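> would you be able to build a 3D model of this:
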Amino acid sequence: MTDPVPPTEPASDSVDTPAIGPPTREAERRHSPEVLARSARIMDASGARRQVITVVCALGHVHNPTFARELGDDPRFAVIGQCTSVDEAERSVIDLMPGVALIGLRLSPEPSDAPRLCATLRDQCPPVAIVAVGDDDSAEVLFECVRAGARSCFTGRGATGTPSGTLARVVTGTQRGESLLSAAVTQKVLDDYERLERSPGDVLAPTPELTAEEEEVLGLLAAGETPSSIADELEVTTRVVGLHAGHAVAKLHRTYHDDSVLAQLR
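Sure thing, here's the model as predicted:
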């Protein structure tokens, strides 16, 4: 008869682990009910797949609540951050990597801060689509934001300067690669292409050239026509119109990647 096998020692409840300090403010924020609820909404399959565009609103104290509320009420969007300073916006966008970042010109009293922020975000998180938000009379700074890395601009709900008409349309189109620009900003884009054509060429960085379709679309947008009217005239969809403008803006982004102007902005 063999000896009975001695009972196995119960596993100890204690596990040697390195000491962990108190949770950081960032960790607490990531695990807050609000952030978890947003994440649940983004990942909730509910029997059918649907794309939810994550958005960070960096517009300042005054405009953040309005824009966040408008997008938050739409199931297509999830506002995962609201920022009230340039430094906070830079940290949040790089950390959260939203689909779209709304950068307001009033985020700072210094006009060059918004273009500088756009340039930084374009370098640090290229997948994030940037929308510069300003007023109808801020075309110059909005254009600097576009040169620096913004893909679209938004000048207000129903404003004549914004051909798309709605914030949701701007956010959705921008995330899909379109550029939605005011007539004044579009004209500045065209003027910049003309200036680049007159500048000395560089073998390593050739001057970008617009296709006939891109030039036609930009010209019509600069004249004040809406994407829908241009689409009817050219017998294409409004998305094709936005994509032609988006390709033109993307060429500017590549042109100014190492440009001295952006170096000064940074």
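> can you show me the helices along the stretch 1-150 of the chain?
For the stretch 1-150 of the chain, the helices defined by DSSP state H, counting those that start in this stretch occupy 25-30, 33-43, 64-72, 86-96, 113-124, 139-148.
> tell me which of these sits nearest to Gly104.
Of all these, it is helix 113-124 that lies closest to Gly104, at 7.3 Å by CB to CB. In this view, the C-beta of every residue, glycine as well, is placed from N, C-alpha and C.
> and the contacts of that closest one?
Applying CB atoms under 8 Å, 6 or more residues apart in numbering, the external contacts of helix 113-124 come out as 58, 86, 89-90, 93-94, 101, 103-105, 107-108, 128, 130, 132, 141, 144-145, 147-150, 253, 262, 265-266.
> buried ones among the residues you listed?
58, 86, 89-90, 93, 101, 103-105, 107-108, 128, 130, 132, 141, 144-145, 147-150, 253, 262, 265 (16 or more other CB atoms under 10 Å).
> about what we covered before: possible to save the helices of the stretch 1-150 of the chain as a markdown table with distance to Thr237 and mean pLDDT?
Listed next are those as a markdown table, based on distance: least, CB to CB, whole Å; pLDDT from 0 to 100:
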| stretch | distance to Thr237 | mean pLDDT |
| --- | --- | --- |
| helix 25-30 | 39 | 51 |
| helix 33-43 | 28 | 46 |
| helix 64-72 | 24 | 92 |
| helix 86-96 | 30 | 96 |
| helix 113-124 | 27 | 95 |
| helix 139-148 | 23 | 95 |
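> so which of those helices is the most packed in?
By mean neighbour count, with neighbours taken as mean count of other CB atoms under 10 Å, helix 139-148 ranks first of the helices of the stretch 1-150 of the chain at a mean of 24.
> which elements pack onto the next helix or strand after it?
Toward the C-terminus, helix 139-148 is succeeded by strand 152-154 as the next helix or strand (DSSP states H and E). Applying 3 or more CB pairs under 8 Å, 6 or more residues apart in numbering; DSSP states H and E, one finds that strand 152-154 makes contact with strand 129-133, helix 139-148, helix 167-175.
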